[in-house]
Structure formats: C-alpha cells, structure tokens
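**Student:** need a structure here:
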Amino acid sequence: MGSFEGSQLRHLIRRHRTSLNTDGKLDAGCNWLLLIFPILRFPVARALPASMSLCLVLLLTSSTLAQQDSWKQALPRYQFRFPRDHASHPDYKIEWWYYTGNLSAENGRRFGYQITFFRIGVDAKPANPSRWAVRDLFMTHLAVTDIDGGKYEFAERINRSGVGWAGASEEVYRVWNEDWEARLDESGFHRLRAAEPSLGIDLELEPGKQHVIHGEQGISQKGSQQGNAAHYYSLTRMPTRES
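**Tutor:** Below you'll find the predicted structure:
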C-alpha cells in the first residue's frame, strides 16, 4: 500500500453524564445487550437501527446514575504526561482511543479508515469476586472506505475485560479487543492492527506533531456542572505507512 498521511488520534476520558454523540450510540446500545446476557461473547456483524441503539444507551445511562460517585471526575488543572496519558485511566467511567485517516497508495488509489476502542465502566467495585464480573466493557468499531471503488465496509466487536477478551493497559499504551489492537511500540510509533474477512488495517503511525490539548486548564467542559467535562487531546497529521 505504500506511505500514507493524514491520520488522527483522539483520546477521551470523561464522566458518563456527558451528552450523547453519534459515534458512541451504536456501540453502547449493543453493550446493554451484553449486560442482559453476561455469558455471551460475539462480534456485531450489522448495525442496530439508530432509534433502538439510542434507547438502549439511555437505559444504560439511567441505570448507572447511582454509581456516579464511584468514578473519578474530569476536573480543572489536570496535568497531561506523555506517553503515560496514552494509556488507560480506569478510575474514569468512559474513555476512548479514536483514529481516523485518509490514505493514498503508491498507485494513487485512495482509502479512508476509522477505528475506535471504547472502554465503558459498568461497576467500579463489583461485589462478585469472579473474574467474570463485569467491571468494564469494551466496544470497538472498524470501518474502511475504498473511495475510488465506491465501497464501504465496517465491523464491530463487544467484549468484557475480566477474562482477557478485551482490555486496556495502565502501564503502557495498549488497548485490544480480541486480536484487534492499538499500541505504542518501542520507537514511540502507534501500531494499529484489525482484520476481518472483507476488510482490515495494519498500519504504523508516527507522532508527527506535538499533541493538542482541548479546552482550558486540562479539561474540555461539556456542561455547567463540575466534572461534566473531558480530559481530551489530539494528535494530527500523523505520517502513516503500511506495517
């Protein structure tokens, strides 16, 4: 595929009581199904209707409001430290790692891609000591667009973290959902790998430019209440090549 440019990383850590957005609706809605049937483990092959997924997200939100005090809030004067802050922050209820890119192959053929790893905190301190207890759920969405071929493909996965099917490291930057993963290698490059029978990516991204912090005093405020905010940063125009 040759060399590419134009990838973007966005990493969000925020309290659950923030406004819903179209990127997160489908995955969180599917996640509620996994809460009802906690033994199931399955990839999502097709999207749920938008109206259904929104309803499920609202159910999940309202059912967990009583647990809000168990999760850390995004507060002013947060000091970012890299590469530490690429890694997971499990004391917060929601975080995600979001990559998008526009790619050009050596023959000029154009592609676009997007991969997002979500971690949703369900129960900060599960009463059940079993490793099957659901503390966090991980939802991952992968999409590839063949611009010149006029084709769009996507795939999704939903898994719990407790038995190792999915997870995010606190020590180093690595987040995974089965064999899909995003991580930082020894050279400080971002490595993305995810594949399905009809689509996939295997990319290496250089940091390129300095990170950009969103908002003021380390937070991007989402509402009037204290803690209704995000610790949010971006890396843009990351030179990209095939692994």
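**Student:** For the residue nearest the centre of the chain, give me the pLDDT.
**Tutor:** Nearest residue to the geometric centre of the chain (C-alpha atoms, centre = their mean): Phe117, 2.5 Å. Phe117 carries a pLDDT value of 97.
**Student:** Correct me if wrong: it contacts His86.
**Tutor:** No: using C-beta atoms under 8 Å, Phe117 is not in contact with His86; the gap is 11.9 Å. C-beta coordinates here come from the backbone N, C-alpha and C atoms, glycine included.
**Student:** overlap in contacts of the two?
**Tutor:** Common neighbours of Phe117 and His86 are not found (criterion: C-beta atoms under 8 Å, 6 or more residues apart in numbering).
**Student:** hmm, back to that, ok, now how distant is the residue nearest to the centre of the chain from Arg109?
**Tutor:** 27 Å (C-beta to C-beta, to the nearest Å).
**Student:** same check, this time on His141
**Tutor:** Taking C-beta to C-beta, one finds His141 at 23 Å from Arg109.
**Student:** Settle it for me: which of those two has more neighbours?
**Tutor:** His141 (24 against 14; other C-beta atoms under 10 Å).
**Student:** partners of the helix or strand hosting that one, with directions?
**Tutor:** Per DSSP states H and E, His141 falls inside strand 136-146. Strand 136-146 has its sheet partners listed here by DSSP bridges as strand 110-121 (antiparallel), strand 151-160 (antiparallel).
**Student:** right, and Val163 touches Trp132 too?
**Tutor:** Yes: shown here, Val163 and Trp132 form a contact pair, counting by C-beta under 8 Å, at 6.3 Å.
**Student:** And the strands paired with strand 136-146: which comes nearest His214?
**Tutor:** strand 110-121 (16.9 Å; C-beta to C-beta).
**Student:** which non-adjacent residue is nearest Val172?
**Tutor:** Ala87 (6.0 Å; C-beta to C-beta, 6 or more residues apart in numbering).
**Student:** what sits against that neighbour?
**Tutor:** Neighbours of Ala87 in contact, by C-beta under 8 Å, 6+ apart: Ala168, Ser169, Glu170, Glu171, Val172, Tyr173, Arg174.
**Student:** Could you figure out how far the strand ranked longest in the chain is turned away from strand 110-121?
**Tutor:** Identified as the longest strand of the chain according to DSSP state E is strand 229-242. With axes from the mean of the first three to the mean of the last three C-alpha atoms, to 10 degrees as the basis, strand 229-242 and strand 110-121 are set at 140 degrees to each other.
**Student:** Off-centre distance for strand 229-242?
**Tutor:** 12 Å (C-alpha atoms, centre = their mean, to the nearest Å).
**Student:** on contacts alone, who are the packing partners of it?
**Tutor:** Where contact means 3 or more C-beta pairs under 8 Å, 6 or more residues apart in numbering; DSSP states H and E, strand 229-242 is packed against strand 3-14, strand 94-104, strand 199-205, strand 212-213, strand 220-221.
**Student:** Mean confidence (pLDDT) on the last one, please.
**Tutor:** If I follow you right, that is strand 220-221. For strand 220-221, the per-residue pLDDT averages 89.
**Student:** where are the low-confidence patches of this protein?
**Tutor:** 1-69 (pLDDT under 70).
**Student:** residue at max distance from the center of it?
**Tutor:** Asn107 (31.4 Å).
**Student:** my guess is it is in a strand, correct?
**Tutor:** No: judged by DSSP: H, G, I helix; E, B strand; the rest coil, Asn107 forms no part of a strand; its state is coil.
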